[in-house]
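In: Just need the structure, nothing else, for what follows:
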Amino acid sequence: MTAMPLVLMYHSVEKYDSDPFRITVSPGRFARQLDWLAAHGLAGVSMRELLRAQAEGNARGLVGLTFDDGYEDFLSEVVPVLLRHRFTATVFVLPGLLGTYNSWDAGAPRKPLMDADGVRWAAEQGMEVGSHSLGHRSLVGLDEAALWSEVADGKAALEDVLGAQVSGFCYPYGHAGARETAAVRRAGYDYACAIWRSGLTGRYALPRTYIGDRDGALRLSAKRARHR
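Out: Numbering: from 1, shown residues only. Down below sits the predicted model:
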């Protein structure tokens with residue numbers, strides 16, 4: 001495929017005291033990051049919109065915005081700021097853990113996850129909802145049945161919640177090899193997001209740029225330049 005536009009990888013946006021895995025961006029910082037995009041003539045869009053625009057040759061000035069795990073703060077802290085900018089984003093949720101918390105992050109502060117109503121509300125606001133697997137297990141090393149369940153059953157469960165087709169997938173922890181990308185393709189997803197560039201980079205292993213709470217204007221400029 002042709003060179004991908006910049007895609008930013010977020011997780012949680014909320015006020016915090018402890019963040020050992022550096023997955024949280026404070027609301028003020030997040031607002032300034034979106035202001036930075038707008039000031040540089042860039043528009044944040046969902047992966048669905050970004051890939052469609054790229055296929056049509058209209059992706060110039062677009063930046064993909066993704067949010068992993070489906071934290072409840074996506075509804076209260078992220079969507080209102082996106083809407084003020086007339087931006088959209090993709091949130092990757094865990095259909096097997098809706099309404100629970102980040103149980104996979106041992107030793108980290110507990111963060112509630114969106115429930116089914118929250119997922120539907122996000123979609124109603126124009127956000128794309130994709131699957132982050134059924135239950136946030138690293139797909140690498142799972143047997144074939146477990147891999148298929150995480151990928152395909154997660155898609156079916158999320159489509160039941162939304163009453164609509166789910167086209168996007170995101171690998172938990174960014175872990176993906178040839179077997180995992182093949183399973184995602186076979187399950188009927190249109191694309192999948194990874195984290196790092198690799199020999200598998202392409203539509204089913206799209207690289208993204210990590211964004212954290214330390215990323216002010218200078219760091220954002222550097223990350224944009226590095227992507228180029």
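
In: Could you give the separation of the top helix by length along the chain from the chain centroid?
Out: Determined from DSSP state H, the single longest helix within the chain is helix 27-39. Here the centre of helix 27-39 is set off from its chain's centre by 18 Å, with Cα atoms, centre = their mean, to the nearest Å.

In: got it, and stretch 3-11?
Out: Centre-to-centre, stretch 3-11 and its host chain are 9 Å apart (Cα atoms, centre = their mean).

In: In it, which residues are buried?
Out: For stretch 3-11, burial by neighbour count (16 or more other Cβ atoms under 10 Å) applies to M4, P5, L6, V7, L8, M9, Y10, H11. Glycine gets a C-beta too; all of them are placed from N, C-alpha and C.

In: Just the C-alphas of it, formatted as CSV.
Out: Coordinates of each C-alpha in stretch 3-11 appear next as CSV, following Å, rounded to 0.1, in the frame of the first residue of the first chain:
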residue,chain,number,x,y,z
ALA,A,3,2.7,5.5,2.5
MET,A,4,0.4,5.8,5.5
PRO,A,5,-0.5,9.2,7.0
LEU,A,6,0.3,9.8,10.6
VAL,A,7,-1.8,7.8,13.1
LEU,A,8,-1.7,8.7,16.8
MET,A,9,-2.1,6.1,19.5
TYR,A,10,-3.9,7.2,22.7
HIS,A,11,-5.3,5.2,25.5
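
In: what about this structure, any weak spots by pLDDT?
Out: In the predicted model, the chain carries pLDDT under 70 at residues 1-2.

In: can you give me the helices for it?
Out: Taking DSSP H as the criterion, the chain carries its helices at 27-39, 47-56, 73, 79-85, 116-124, 144-148, 154-162, 178-186, 217-227.

In: Redo the ones you listed as TSV? Include distance to P20 and mean neighbour count.
Out: As requested, those are exported to TSV (distance: least, Cβ to Cβ, whole Å; neighbours: other Cβ atoms under 10 Å):
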stretch	distance to P20	mean neighbour count
helix 27-39	18	16
helix 47-56	28	18
helix 73	17	23
helix 79-85	25	16
helix 116-124	25	17
helix 144-148	28	13
helix 154-162	27	19
helix 178-186	27	18
helix 217-227	20	13
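
In: possible to save the ones you listed as CSV with distance to P109?
Out: Shown next, in CSV, are those (distance: least, Cβ to Cβ, whole Å):
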stretch, distance to P109
helix 27-39, 16
helix 47-56, 28
helix 73, 12
helix 79-85, 22
helix 116-124, 19
helix 144-148, 28
helix 154-162, 25
helix 178-186, 29
helix 217-227, 24
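
In: closest to V63 out of the ones you listed?
Out: Ranking the helices of the chain by their distance to V63 (criterion: Cβ to Cβ) puts helix 27-39 first, at 6.1 Å.

In: Alpha carbons of the closest one, as PDB, please.
Out: The C-alpha coordinates for helix 27-39 follow below in PDB (Å, rounded to 0.1, in the frame of the first residue of the first chain):
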ATOM      1  CA  PRO A  27      -7.500  16.500  29.900                       C
ATOM      2  CA  GLY A  28      -5.700  19.800  29.600                       C
ATOM      3  CA  ARG A  29      -2.800  18.300  27.700                       C
ATOM      4  CA  PHE A  30      -5.100  16.400  25.400                       C
ATOM      5  CA  ALA A  31      -7.000  19.600  24.600                       C
ATOM      6  CA  ARG A  32      -3.700  21.400  23.700                       C
ATOM      7  CA  GLN A  33      -2.600  18.500  21.500                       C
ATOM      8  CA  LEU A  34      -5.800  18.700  19.500                       C
ATOM      9  CA  ASP A  35      -5.300  22.500  19.300                       C
ATOM     10  CA  TRP A  36      -1.800  21.900  18.000                       C
ATOM     11  CA  LEU A  37      -3.200  19.700  15.200                       C
ATOM     12  CA  ALA A  38      -5.800  22.300  14.200                       C
ATOM     13  CA  ALA A  39      -3.200  25.100  14.300                       C
END
